[in-house]
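Engineer: Okay, here's the prediction I keep looking at, along with the sequence it came from:
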Amino acid sequence: MSNTVRPSQRNNVTQIDLLALLRACWKQAWLIILVALLGGSLAYAGTKYFITPTYRTYFSAYINNSIETGTSTTVSTSDLSASQSLADTAAGVIKSATVLEAAAEQAGTGEEYNASVSTSVDSGSGIITVYVITTDPQMCASYASAIAEVAAVETSRIAEGSSMQIIDQPKVPTSIYSPSYTRNTMMGLLLGAMLVCAIVVLQELLNDRIQDQAELEARYGISVLGAIPDWSSMGKNQNYSYYYSQEKEKAEV
């Protein structure tokens, strides 16, 4: 196989043979697969035993600019416009320490109010979605429900004449939100394979030995007049040369 890196005789530009690099990686395919599987296994085990799983639930609410009276559920254009302007204010109220601490006390979560709480406001409809992430699924739902109740009261107190109507109630999450076993395992597989490929490519690039006659002629622009045969490529039971076979026959006689 010719060397991967060849100096050009015309402009002294180093040329890299990509095909040679691919062949080198292909020869080490078994090692690439082995290390990739090892990396994936380590990533899966690390995710399972060293990373605490988290769960996420959410609730959505609509901020009305007037306290609900009677049984009418009609939303006018002016109400929709006002609710859009109140949505950002309500989002800030929901994430305030006052609301989170009161919700933690109501839900009996202790220090759980330090869990991740984020909000998303739909500017078109004025609907707020609140996401709660904790390490316990039951506590996650309880904490989210308490935030919804406390936030409704605080929003009405701060923005007088407004009310928060819950659209989707928080539910107990049934699956892990984070980490993703599949994603981490695939990353481990990919990193393991990339590590071996990088080592193989680096070895090929640093290998400056002349591999064959064609490379010698290409590198120095000279013609080869003769070459020593590679005896190791011959079979063990073959005579290596005519002279050697003659000497062997004389020795046997």
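Structural biologist: Noted; the coordinates are in hand.
Engineer: Would you check that residue 57 makes contact with residue 168?
Structural biologist: No: assessed by C-beta atoms under 8 Å, residue 57 is found out of contact with residue 168, at 10.0 Å. For the C-beta atoms, the positions are set from N, CA and C on the backbone; glycine is no exception.
Engineer: out of the two, which sits in the more crowded spot?
Structural biologist: residue 57 (22 against 13; other C-beta atoms under 10 Å).
Engineer: check which helix or strand covers that one.
Structural biologist: The secondary structure element spanning residue 57 is strand 55-64 (assigned by DSSP states H and E).
Engineer: Quick check: mean pLDDT of that strand?
Structural biologist: Mean per-residue pLDDT for strand 55-64: 91.
Engineer: Could you name the helices and strands sitting against it?
Structural biologist: helix 77-94, strand 127-134, helix 137-158, strand 163-168 (3 or more C-beta pairs under 8 Å, 6 or more residues apart in numbering; DSSP states H and E).
Engineer: Compare the ones you listed and give me the one nearest residue 48.
Structural biologist: helix 137-158 (17.6 Å; C-beta to C-beta).
Engineer: Which secondary structure elements does that closest one sit against?
Structural biologist: Partner elements for helix 137-158 (3+ C-beta pairs under 8 Å, 6+ apart): strand 55-64, helix 77-94, helix 97-107, strand 127-134, strand 163-168.
Engineer: need these in a markdown table with distance to residue 198, can you?
Structural biologist: Formatted as a markdown table, the entries for these read as follows, by distance: least, C-beta to C-beta, whole Å:
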| stretch | distance to residue 198 |
| --- | --- |
| strand 55-64 | 36 |
| helix 77-94 | 46 |
| helix 97-107 | 46 |
| strand 127-134 | 36 |
| strand 163-168 | 48 |
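Engineer: Comparing those by mean pLDDT, which bottoms out?
Structural biologist: helix 77-94 (a mean of 74).
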